[in-house]
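Peer 1: structure for the following, please:
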Amino acid sequence: MTSQSFTLRFYPSLETLINSNFPGDISPCFSAPFLKIPSSSFDGFSLKRKTLGFDEKINVFGGKFGTISAWGEEGNSEELDDAPLTVALQQICSESQFDRIIAEAQQLEESLIILWMASWCRKCIYLKPKLEKLAADYYPRLRFYCVDVNTVPHNLVARAGVTKMPTIQLWRDGKKQGEVIGGHKAYLVVNEVRQMIENECTS
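Peer 2: Okay, here's the model as predicted:
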């Protein structure tokens, strides 16, 4: 099957612009009054203007253009808000800072998630970014923190009852309400932490 073509005429303003030189410009100008475009490139494609919302992206495949909705046909740009994909765990560096954070959360009647970790613990290092993704799921109604046991007084670690790393605790009303020991696979630990949070929210 032979490919047909048709001609688009740029007239009049575009031809004038293409064939014009600016004063003092010694570089040659090319003339392109006509542009040959194979009609097969427009098969199934409507030459209509379409304004894309934030919930759409352009897909180019085989010379044809289409729009793919990120949230479905009923979605709108408001659904693509500024919710982050990850939320960095806030570092607790001292016992006084720990006490202040716990007191503030108690006053606001909020829960906290605290990751107790060590810089030498490979499982801790691997788990931390997974928890940062989980933190994004609960942002901003639940705050996530981390404590490096090597940088805080041992008394604080003993107060929290931490004996293994990584340990993830849920605190509310100034007390530890639950914990998950993260010695197994990271995705299982994250699921257990999520379940701990949901149980606290429904209790």
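
Peer 1: low pLDDT regions in this structure?
Peer 2: Within the chain, the segments meeting pLDDT under 70 span 1-81.

Peer 1: now the strands for it?
Peer 2: Under the criterion DSSP state E, strands of the chain are mapped to 5-9, 34-38, 56-61, 64-69, 90-92, 112-117, 143-148, 167-172, 175-181.

Peer 1: list the buried ones in stretch 125-144?
Peer 2: Within stretch 125-144, the residues that count as buried by 16 or more other Cβ atoms under 10 Å are 127-128, 130-132, 134-136, 138, 142-144. Every residue, glycine included, has its C-beta placed from N, CA and C.

Peer 1: can you list which of those are found in helices?
Peer 2: Those of these mapping onto helices are 127-128, 130-132, 134-136, per DSSP state H.

Peer 1: out of those, the closest to P84 would be?
Peer 2: Of all those, A136 has the smallest distance to P84: 5.1 Å, by Cβ to Cβ.

Peer 1: quick check: the gap between W116 and Q97.
Peer 2: The gap separating W116 from Q97 is 14 Å, by Cβ to Cβ, to the nearest Å.

Peer 1: neighbour count for these two, which is higher?
Peer 2: When neighbours are counted by other Cβ atoms under 10 Å, W116 comes out ahead of the other of W116 and Q97, with 27 against 16.

Peer 1: skipping adjacent residues, who's closest to C121 in space?
Peer 2: Leaving aside its sequence neighbours, C121 sits nearest to M165 (Cβ to Cβ, 6 or more residues apart in numbering; 4.6 Å).

Peer 1: give me the neighbour count for that neighbour.
Peer 2: Count around M165 with other Cβ under 10 Å applied: 20.

Peer 1: repeat for I102
Peer 2: 20.

Peer 1: cool, E192 as well?
Peer 2: E192: 17 neighbours (other Cβ under 10 Å).

Peer 1: and N155, by the same measure?
Peer 2: As a burial measure, N155 scores 9 neighbours (other Cβ under 10 Å).

Peer 1: got the contact list for it?
Peer 2: E95 (Cβ atoms under 8 Å, 6 or more residues apart in numbering).

Peer 1: for L115, see how far away it is.
Peer 2: For N155, the distance to L115 - Cβ to Cβ - is 19 Å.
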